[in-house]
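>>> prediction below, plus the sequence it came from.
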Amino acid sequence: MSVELRYSRSARSLKKSAWVNVGIRLSAIIMALLFTSVILLIAKANPLQAYKSILHGAFGSTIKLTSVIASWVPLVIATSGLLFTFTAGLWNIGMEGQIIMGSVFAVGAFRFLDDTSLAPALVITLAFVAGAVGGILWALLPGLMKIFGGVNEIFGGLGLNFVAKTVAIWLIFGPWKRPGVASGSGTEWIDIQYRLPYLPGTNLSLTILIIAVIIAIITAVMLKGTHFGLRLKAIGKNDKAAYILGVPTSRYFLLAFGICGFFAGIAGSILVTSKQYSLIPDAGFGYGFLGLLVAMLVNYHPIWSSVVALFFAALSIGNTELQYMGLNSYFAGVLQGFLVLFVVLVDGVRKQLVKTR
Amino acid sequence: MKISFSHIHKRFGNVHANNDINLVIPSGSIQGILGENGAGKSTLMKILTGYYHADSGEILLDDRAVKITSPVDAVRQGIGMLHQDPLDFPPMRVIDNFLLGSRGGLFPKRSDVEKEILRLSREFDFQISPDTYVETMTVGERQQLEILRLLWLGVKVLILDEPTTGISANQREKLFATLVKLAKQGLTVIFVSHKLEEVEQLCDRVAVFRQGEVVGEVEPPYDTDQFVYMMFGKSVEVGDKKTFCTELPLIQLENIGLEDYRLHLGNINLEIYQGEVIGLAGMEGSGQRLFLHMLTGLLRPVNGKIKLTGEDFTGKTYPYFQKAGVAYLPAARLEEGLIPGMTLTEHFILSEEHSELFVDQKSALGLTEERIRDFYIKGTPVSMIEQLSGGNQQRALLALLRRKLKLILMEHPTRGLDIESAIWIWSKMKERCKECSSVVFTSSDLDEIIQYSDRILVFFGGLVSEPIDATTTTVDELGQLIGGKGW
């Protein structure tokens, strides 16, 4: 009897449970939409109108569509990084700070190399390398604190987020302040030759799109097909047993943090070279936190995370349109919040059902 | 209370855990439920106590069909179960454990409950004081506590699932006396076990389970061979004992001192030879675990020297020991040995050394199938490890051992397993010994230690005995040492 035949039954039940999972998540999305509608009704707005204007705001024109993609890029990179730490069972709450540090190092590199005669492409590459180094360093800190100091990575990351933001603000108002007067709107912009050009008639740089797609693919392949991914998963599910089975757990914890920080640094560099062109106090744009939501929402599944990241990016771009309805544009945040809550809720309910059945 | 099971079916995925169970248990008797691991005994008991719901079939209490929806509901209907691991709250006092499970109002009457505990405790000759903290009690005492608590809640049916695991011989005698007394008072006692001698000693009638079915009901006088035949569908022979030692020392321990926050072991000197089996006896927590952890590099000795095949390994960590051919099988299988949420195949991939980047799924599947066959694991390559029964998890753990090993360290390798699995596991170990691997293991079963060891170390309160020759010692001699006499 062939292997396929013998396991077809369990494989089928696995497949079935995969569809059940999709159904469960869909029901969570529907419930989130319903609850947001209630809130909208309380705010005396027409929910259908609101959803329509979000859709229009996200996909109504080429500019809008490419803005969504440009916003998807850092989000999907951040989420990819977090998939590594989540797989290893780590809560890398410090992602936001790691992105900020990536931006700080990238801007620092541009300032340092500003007067050189190096080709712009090379300078940009070096800035990305610097950003990556910044992200990695900031991510290794909570990892080292966890392994050698016994500090829970959640607290380490939370603290380092504040430190990263403080460092950015200090630089903006201190050593890197604009000539004349320091301003909360950020440091001086990087030279135009270092800004990544947009495709004609759009808001999107092709370079960053390629980087994001490559990172998303590498993440999926690494986590699903390699020994590295399997070992990370083992550590995430039971680090004691993984150690006994021969996985060097400390090293893999650090590797997960390092890879996550690397991606954070790349995301920070992308934000500097294609969006903000300077260092601002809120240099991470909340992508680190949003990435956490996306990763949790898809139950740490690499391919679905790209899809859901697109959905979140569309929400965050589309919601600006809500202002025309007299609604605050943060309203999309309500929907995002409900989404996460309901996914966690239905997942809990499902687990309860499975247990008693 | 009379209990009748009528055409009970329960499936878990592909496994038919209970296949058309029909069984009548009369009131006031001790009913034995005998069968190997995974035979469906626990499943039926969990259905009776409301943890699971049967796919089909009926339960009748005193000829009245009932629906039992949850463990709480079961207790309300008079059915209480004593679990393998006591379900109490260790950081709380005995009396608080009683109050927690009661249906009393907002302000329970402590003094009344206290009196009840003392009365029940006296009646059954237990020494349980209401003010003791549960965490300071032994497993046996916690079991007594749980029995008292269930009686106090008014149960008429008492189910005991492998109750003699981890309690002393003395406590076992007391437990059996209690059960006989309870049955005389009209309680129905269901005694689930895979230990033949206990079932024979205690039960008025025995139902034998095999692969989800009741294969027969037996009344005294019992015939052991008949039981074994019914349980396994074939006769089983006890593996014989041979020594395969060569005179080369594998491990040399010089003046080793070990310490954790509550125990200190000093001055251990020992040579472990190739192909030798060393059994570690003693009360749980007398330092056997420290000793094993020292031999794996998980615990660094506070003083002294460890040599492995002549090379100094003092202070080296577990990965070095592992590379040198030392393997460790922890007692807490799902906590320390295996990874819940991962499949058998994934475990086999993890346990082998790989230098390539990508996982070769096909060869991994092949390897897994081969091991499943060789080790008689009931499961498929895509089975999650936690879905396997305890015995099959233990087999999986053994199957994960790499091919060439110098030293195998095991904690309670056969705890909770049926005779056949235990004998089979030891035959695998003896094969390893023939290839000159050494084995060091702990067990609370003295018969097992004497039967399979070449030499025995007894641990007592921070002391380690000189190696004792297993061929000349007796259970009594070891028992005295374990109890602290003759040091």
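Happy to help now that I have it. Residues are numbered from 1 along each chain as shown, chains lettered A, B, ... in the order given.
>>> which parts of stretch A:267-284 are buried?
Residues of stretch A:267-284 classed as buried: A:267-280, A:283-284 (neighbour count, 16 or more other C-beta atoms under 10 Å in any protein chain shown). No exception for glycine: its C-beta is placed from N, CA and C like everyone else's.
>>> can you count the residues close to residue 162?
Because you didn't say which chain, this covers chain A. 11 (other C-beta atoms under 10 Å in any protein chain shown).
>>> please go with chain B instead
20.
>>> show me where the stretch 151-300 of chain B has helices.
Read by DSSP state H, counting those that start in this stretch, the stretch 151-300 of chain B holds these helices, from start to end of the chain: B:169-184, B:196-202, B:224-232, B:288-296.
>>> who are the packing partners of the longest one?
By that I understand helix B:169-184. Judged by 3 or more C-beta pairs under 8 Å, 6 or more residues apart in numbering or on different chains; DSSP states H and E, helix B:169-184 is in contact with strand B:30-35, helix B:139-152, strand B:157-161, strand B:188-193, helix B:196-202.
>>> spit out the contact partners of A:Pro179.
A:Glu188 (C-beta atoms under 8 Å, 6 or more residues apart in numbering or on different chains).
>>> and it, what's its pLDDT?
Looking at A:Pro179, its pLDDT is 82.
>>> before we move on, what about A:Tyr194?
We have a pLDDT of 92 for A:Tyr194.
>>> isn't it up against A:Pro120?
Yes - the criterion here is C-beta atoms under 8 Å, and A:Tyr194 meets it with A:Pro120 at 5.8 Å.
>>> looking at the two, which one has more neighbours?
Using other C-beta under 10 Å, the more surrounded residue of A:Tyr194 and A:Pro120 is A:Tyr194, with 20 against 13.
>>> any idea how far the more buried one is from A:Ser274?
10 Å (C-beta to C-beta, to the nearest Å).
>>> kindly report the same for B:Arg76.
For B:Arg76, the distance to A:Ser274 (C-beta to C-beta) stands at 66 Å.
>>> ok, now A:Ser306?
Applying C-beta to C-beta to A:Ser306 and A:Ser274 gives a distance of 19 Å.
>>> confirm A:Gly143 sits in a helix?
Yes - with DSSP: H, G, I helix; E, B strand; the rest coil as the criterion, A:Gly143 is part of a helix.
>>> list the contacts of it.
So A:Gly143 contacts A:90, A:153, A:253-254, A:256-258 (C-beta under 8 Å, 6+ apart).
>>> list the buried residues of the strand or helix carrying B:Asn22.
Assigned by DSSP states H and E, B:Asn22 falls within strand B:15-25. Using 16+ other C-beta under 10 Å as the test for burial, strand B:15-25 gives B:15-18, B:21, B:23, B:25.
>>> what sits up against it?
Counting by C-beta under 8 Å, 6+ apart, residues outside strand B:15-25 touching it are B:2-11, B:31, B:40, B:43-44, B:47, B:54, B:57, B:188, B:190, B:207, B:211-214, B:217, B:378.
>>> in PyMOL, select just the buried ones from those.
Only the buried members of the contacts of strand B:15-25 end up in this PyMOL selection, burial being decided by 16+ other C-beta under 10 Å:
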select buried, chain B and resi 2+3+4+5+8+9+10+31+40+43+44+47+54+57+188+190+207+211+212+213+214
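>>> contacts only, for the nearest residue to A:Ser185 once chain neighbours are set aside.
Counting by C-beta to C-beta, 6 or more residues apart in numbering or on different chains, A:Ile280 is the residue found nearest to A:Ser185 once chain neighbours are left out, at 6.8 Å. Contacts for A:Ile280 (C-beta under 8 Å, 6+ apart) come out as A:168, A:172, A:185-187.
>>> got any ranges where the stretch 251-357 of chain A has weak pLDDT?
A:329, A:354-357 (pLDDT under 70).
>>> show me where it has helices.
For the stretch 251-357 of chain A, applying DSSP H, counting those that start in this stretch gives helices covering A:287-297, A:302-318, A:331-356.
>>> any idea which of those helices gets closest to B:Glu353?
Of all those, it is helix A:302-318 that lies closest to B:Glu353, at 26.2 Å by C-beta to C-beta.
>>> how far off centre is the closest one?
The chain centroid and the centroid of helix A:302-318 are separated by 10 Å, computed with C-alpha atoms, centre = their mean, to the nearest Å.
>>> what packs against that helix?
Partner elements for helix A:302-318 (3+ C-beta pairs under 8 Å, 6+ apart): helix A:47-59, helix A:62-87, helix A:206-225, helix A:287-297, helix A:331-356.
>>> name the residues of that helix that are buried.
A:302, A:304-306, A:308-318.
>>> who in the stretch 301-450 of chain B is up against chain A?
B:318-319, B:322, B:328, B:330, B:335-342, B:346-347, B:349-351, B:353-354, B:356-359, B:365, B:369, B:380-383, B:400 (C-beta under 8 Å from any C-beta of the partner chain).
>>> if we can go back for a sec, adjacent strands (with direction) for the strand holding B:Asn22?
strand B:3-12 (antiparallel) (DSSP bridges).
>>> picking up where we left off before, could the helices and strands packed on helix A:302-318 go into TSV alongside mean neighbour count and distance to B:Ile449?
Shown next, in TSV, are the helices and strands packed on helix A:302-318 (neighbours: other C-beta atoms under 10 Å in any protein chain shown; distance: least, C-beta to C-beta, whole Å):
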stretch	mean neighbour count	distance to B:Ile449
helix A:47-59	18	71
helix A:62-87	25	42
helix A:206-225	17	45
helix A:287-297	25	49
helix A:331-356	16	38
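>>> and B:Pro91, how close does it get to chain A?
23 Å (C-beta to the nearest C-beta, to the nearest Å).
>>> check B:Gly35 too.
B:Gly35 is 24 Å from chain A, by C-beta to the nearest C-beta.
>>> please name the bridge partners of the nearest residue to that residue once chain neighbours are set aside.
Counting by C-beta to C-beta, 6+ apart, B:Gly35 lies nearest to B:Phe209, which is 3.2 Å off, once chain neighbours are set aside. Counting by DSSP bridges, B:Phe209 forms beta bridges with B:Gly35, B:Val214.
>>> show me what contacts residue 56?
I went with chain A, as the question did not name one. Taking C-beta under 8 Å, 6+ apart, one finds A:318, A:321 in contact with A:His56.
>>> that's the wrong chain, I wanted chain B
With C-beta under 8 Å, 6+ apart, B:Ser56 has these contacts: B:7-9.
>>> out of those, which is nearest to chain A?
B:His9 (14.4 Å; C-beta to the nearest C-beta).
>>> quick one: contacts of stretch B:164-172?
Applying C-beta under 8 Å, 6+ apart, the external contacts of stretch B:164-172 come out as B:84, B:138-141, B:143-144, B:175, B:193, B:195, B:198, B:284, B:415-416, B:444, B:479.
>>> just the buried ones out of the contacts of A:Ile280, please.
A:168, A:172, A:186-187.
>>> please name whichever of those scores lowest on pLDDT.
Least confident by pLDDT among the buried ones among the contacts of A:Ile280: that is A:Gly186, with 87.
>>> pretty sure that residue sits in a strand.
No - read with three-state DSSP, A:Gly186 is coil and lies in no strand.
>>> sorry, back to before: what's the most distant pair in the contacts of A:Ile280?
A:Ala168 and A:Ser185 (12.8 Å).
>>> surely A:Val68 is in contact with A:Ala314?
Yes - using C-beta under 8 Å, A:Val68 is in contact with A:Ala314, at 5.0 Å.
>>> shared neighbours, the two?
Listed as contacting both A:Val68 and A:Ala314 by C-beta under 8 Å, 6+ apart are A:58-59.
>>> OK, contacts around residue 114?
Looking at chain A here, since you left the chain open. A:Asp191 are the contacts of A:Asp114 under C-beta under 8 Å, 6+ apart.
>>> switch to chain B, please.
Counting by C-beta under 8 Å, 6+ apart, B:Glu114 touches B:95, B:130.
>>> what residue in the stretch 51-200 of chain A comes nearest to chain B?
A:Gly89 (10.8 Å).
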